[in-house]
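1. Show me how the following folds:
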Amino acid sequence: MPPPDSHRPSSALPITDPEFLALRKEIDALDEQLLELVAARIRIVLKVGDYKRARGMHVYDPERERQLLDRLARAAQPPLDGETARRIFERLVDESRRLEQRHMTRKTEDPT
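-> Numbering: from 1, shown residues only. Sure, this is the predicted structure:
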């Protein structure tokens with residue numbers, strides 16, 4: 001039997017506790033900052049894609065990705081553990097690669 005409140009659907013009553021709502025507001029603000037940082041990262045990834053396309057390079061560089069993920073896993077600080085950091089960045093890198101590939105393909109098809 002799961003512990004109380006573990007994965008239970010939220011109650012029908014709205015949560016109005018000011019402390020809880022303030023914490024949620026902090027999370028929302030951080031999420032907005034993260035979104036801005038991810039967008040900034042993607043803009044640079046697309047520039048890297050332009051560089052690679054101009055030089056006939058491949059999008060996927062497994063050694064670079066391994067080094068990046070290892071470095072970030074080592075740099076993780078509590079309460080974030082290295083494995084969690086690795087998994088978060090694996091997803092970010094995967095999506096960045098997908099966008100880079102799409103960007104490079106579109107630029108090749110339509111160089112304008």
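2. Show me which positions of the helix or strand that Glu90 is a member of end up buried.
-> Assigned by DSSP states H and E, Glu90 belongs to helix 82-109. For helix 82-109, a neighbour-count test (16 or more other CB atoms under 10 Å) marks 85-86, 89, 92-93, 96-97, 100, 103-104 as buried. Glycine gets a C-beta too; all of them are placed from N, C-alpha and C.
3. any idea of the mean pLDDT for stretch 105-112?
-> Averaged over stretch 105-112, pLDDT sits at 70.
4. so where is the protein shaky, pLDDT-wise?
-> Low-confidence segments of the chain (pLDDT under 70): 1-12, 108, 110-112.
5. can you give me the helices in it?
-> 18-54, 62-75, 82-109 (DSSP state H).
6. Just list what the last one packs against, helices and strands only.
-> So that's helix 82-109. helix 18-54, helix 62-75 (3 or more CB pairs under 8 Å, 6 or more residues apart in numbering; DSSP states H and E).
7. so which of those gets nearest Glu109?
-> helix 18-54 (11.4 Å; CB to CB).
8. Just put the helices and strands packed on helix 82-109 in a markdown table and tack on mean neighbour count and distance to Asp81.
-> Putting the helices and strands packed on helix 82-109 into a markdown table (neighbours: other CB atoms under 10 Å; distance: least, CB to CB, whole Å) gives the following:
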| stretch | mean neighbour count | distance to Asp81 |
| --- | --- | --- |
| helix 18-54 | 12 | 18 |
| helix 62-75 | 12 | 9 |
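9. Reformat these as CSV; add distance to Glu109.
-> Below are the helices and strands packed on helix 82-109 laid out as CSV (distance: least, CB to CB, whole Å):
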stretch, distance to Glu109
helix 18-54, 11
helix 62-75, 26
